[in-house]
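Novice: please find the sequence and the predicted model below.
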Amino acid sequence: MTQGTAARGGGAILTGLDLPHGSPGGSVELLHDLYLGPEPLIAADVFMLGGDPGARSPVLLDVPGKQLDGPGFWAYVDDLADAIRKRFPAGEHGLLHLQHLAFGATPALLRAFPDLPSVALVHGTDLLFAMDHPSQEAVLREAVAAAHAIVVPTAAMAGLLPCDGSRVVHIPWGIPDHLLTAPPERTPYGGEEFRVLYAGRLTDEKGGALLEAVAGVEGVRLSVAAPVAEYRALERVTDMSGVRYLGWLTRPELWRAFAQQDLLVVPSTRLEAFGLVAVEAQACGLPVLHQPVPGLAEVLGDSALTFSDRSALPEAVMRLAKDGSALDELRAAGFRNAARFPLSRTARALRELSDQLLRKAGR
């Protein structure tokens, strides 16, 4: 199997997410970076949810009824499995890439093609939803039992899986290589307003409610790049007056925004499987301040600063606003850290693992 060439005759990879095309989130970005685009790094057929039967990359499957728990969830999984079987005939694929250990795509793929070997890729949302939803916990256990290899981006994620570790493979996620070689030109700090950015989803585990503590700091201009509906919902329960809302940015727009800020705040409260946004920010020369949750703390190490809780967040921001030399040191350390995670290395490791499983299966 070669880069950019989707082999047939039983050797091709089939993967997908049961999310609408264009949905926000790190797993969607990683799917696009690895499998989609004009020159994909991993050859595969890819599906997502949508209403366009003619879509080719990714294929869009029109399957309604998505939910998280109970009999309705399993009925949705059966419908999705039927749609997958109809769109991707048996015999065309030799390997499944399961993009989550939870949600609907993973059990649907396992039901559609129960005899194919599979590689499961662990994301933080899988584990969080499995902790909070009984049906998702059942999916996680089914996926862990079925997968021939379970890929974790950080060692911290391996310790959270219900298995002995014999099939667990550590492959860190990566950021586009060109972002490391040609990051956007930075706008230097002018010493007036200290420019702080939050970028990402605003779900509870992402710590969006903590942003109020930054919004009120004198001399700080907080900008937020997040999905519109989630930002409006946060506004209804949190004082976001004075915050500059940037909208939900495309990746290139976000990288340019990184270059126009002085600090990225990552207030995640429970865990991050890897922390792509933080590493991309480091590649763009943006220092990072974060809560040291599992996964993220492992990836960032001493290349970023941490805060312990809501009360410590404003003080940490103010301290950095007054210490230009500390920002310079964090900027240099952050870029060195980001350089450890080129996407090409992630793709190469996943291709090698996939080839091993295909050979073992005689495909």
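Specialist: Received the coordinates, thanks.
Novice: tell me where the stretch 251-363 of the chain has helices.
Specialist: With DSSP state H, counting those that start in this stretch, the ranges of helices along the stretch 251-363 of the chain come out as 251-258, 276-283, 296-300, 313-321, 324-338, 343-360.
Novice: of those, which stretch is the most buried?
Specialist: helix 276-283 (a mean of 26; mean count of other Cβ atoms under 10 Å). Quick note: C-beta positions are derived from backbone N, CA and C, even for glycine.
Novice: what's in contact with it?
Specialist: Defining contact as Cβ atoms under 8 Å, 6 or more residues apart in numbering, one finds that helix 276-283 is touched by 26, 29-30, 173, 175, 179-180, 183, 197, 199-200, 254-255, 258, 264, 266, 288, 290, 296, 299-300, 303-304, 334-335, 337-339, 341.
Novice: what do you get for stretch 345-359?
Specialist: 1, 3, 11, 13, 34, 41-42, 94-95, 97, 117, 119, 148-149, 151, 169, 171-174.
Novice: can you turn the buried part of those residues into a ChimeraX selection?
Specialist: To isolate the buried members of the contacts of stretch 345-359 in ChimeraX, using 16 or more other Cβ atoms under 10 Å:
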select :1,11,13,34,41,42,94,95,97,117,119,148,149,151,169,171,172,173,174
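Novice: quick check: end-to-end length of stretch 81-100?
Specialist: Taking Cα to Cα, to the nearest Å, stretch 81-100 runs 16 Å from one end to the other.
Novice: starting at the chain centroid, how far to that stretch?
Specialist: 22 Å (Cα atoms, centre = their mean, to the nearest Å).
Novice: thinking again about what came up before, can you flag which of the contacts of stretch 345-359 belong to strands?
Specialist: Among those, the subset assigned to strands under DSSP state E consists of 13, 94-95, 97, 119, 149, 151, 169.
Novice: for those, which one is nearest residue 322?
Specialist: residue 151 (42.1 Å; Cβ to Cβ).
Novice: run through the bridge partners of that closest one.
Specialist: On the basis of DSSP bridges, residue 151 is bridged to residue 121, residue 169.
Novice: ok, now which ones touch it?
Specialist: 119-122, 168-171, 350, 353.
Novice: TSV for the residues you listed, including pLDDT and distance to residue 270?
Specialist: Listed next are the contacts of residue 151 as TSV, based on pLDDT from 0 to 100; distance: Cβ to Cβ, whole Å:
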residue	pLDDT	distance to residue 270
119	98	25
120	98	21
121	98	19
122	97	15
168	98	21
169	98	24
170	98	21
171	98	22
350	98	26
353	98	28
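Novice: any idea which of those residues is closest to residue 60?
Specialist: Nearest member of the contacts of residue 151 to residue 60, counting by Cβ to Cβ, is residue 121, at 21.0 Å.
Novice: rewinding a little: out of the helices of the stretch 251-363 of the chain, flag the one nearest residue 85.
Specialist: So among the helices of the stretch 251-363 of the chain, helix 343-360 is nearest, using Cβ to Cβ, at 21.0 Å.
Novice: what's the angle from that closest one to strand 93-98?
Specialist: Helix 343-360 and strand 93-98 are oriented at 130 degrees to each other (axes from the mean of the first three to the mean of the last three Cα atoms, to 10 degrees).
Novice: may I have helix 343-360 as CSV, with CA atoms only?
Specialist: Extracted as CSV, the C-alpha positions of helix 343-360 are listed here (Å, rounded to 0.1, in the frame of the first residue of the first chain):
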residue,chain,number,x,y,z
LEU,A,343,2.3,14.5,10.9
SER,A,344,4.4,12.5,8.4
ARG,A,345,5.9,10.5,11.3
THR,A,346,2.4,9.7,12.6
ALA,A,347,1.2,8.6,9.1
ARG,A,348,4.3,6.5,8.5
ALA,A,349,3.9,4.6,11.8
LEU,A,350,0.2,4.0,11.1
ARG,A,351,0.9,2.7,7.6
GLU,A,352,3.6,0.4,8.9
LEU,A,353,1.3,-1.0,11.6
SER,A,354,-1.5,-1.4,9.0
ASP,A,355,0.8,-3.3,6.7
GLN,A,356,1.9,-5.6,9.5
LEU,A,357,-1.7,-6.5,10.2
LEU,A,358,-2.5,-7.0,6.5
ARG,A,359,0.4,-9.3,6.1
LYS,A,360,-0.5,-11.3,9.2
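Novice: angle of that helix against helix 276-283?
Specialist: Using the same axes, to 10 degrees, helix 343-360 lies at 140 degrees relative to helix 276-283.
Novice: ok so, going back, in TSV, list the contacts of residue 151 along with distance to residue 242.
Specialist: Formatted as TSV, those follow (distance: Cβ to Cβ, whole Å):
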residue	distance to residue 242
119	46
120	43
121	39
122	38
168	45
169	46
170	42
171	42
350	43
353	48
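Novice: between those, which is closest to residue 214?
Specialist: residue 122 (30.2 Å).
Novice: does the closest one touch residue 156 like I think?
Specialist: No. Residue 122 lies out of contact with residue 156 (Cβ atoms under 8 Å); the separation is 10.4 Å.
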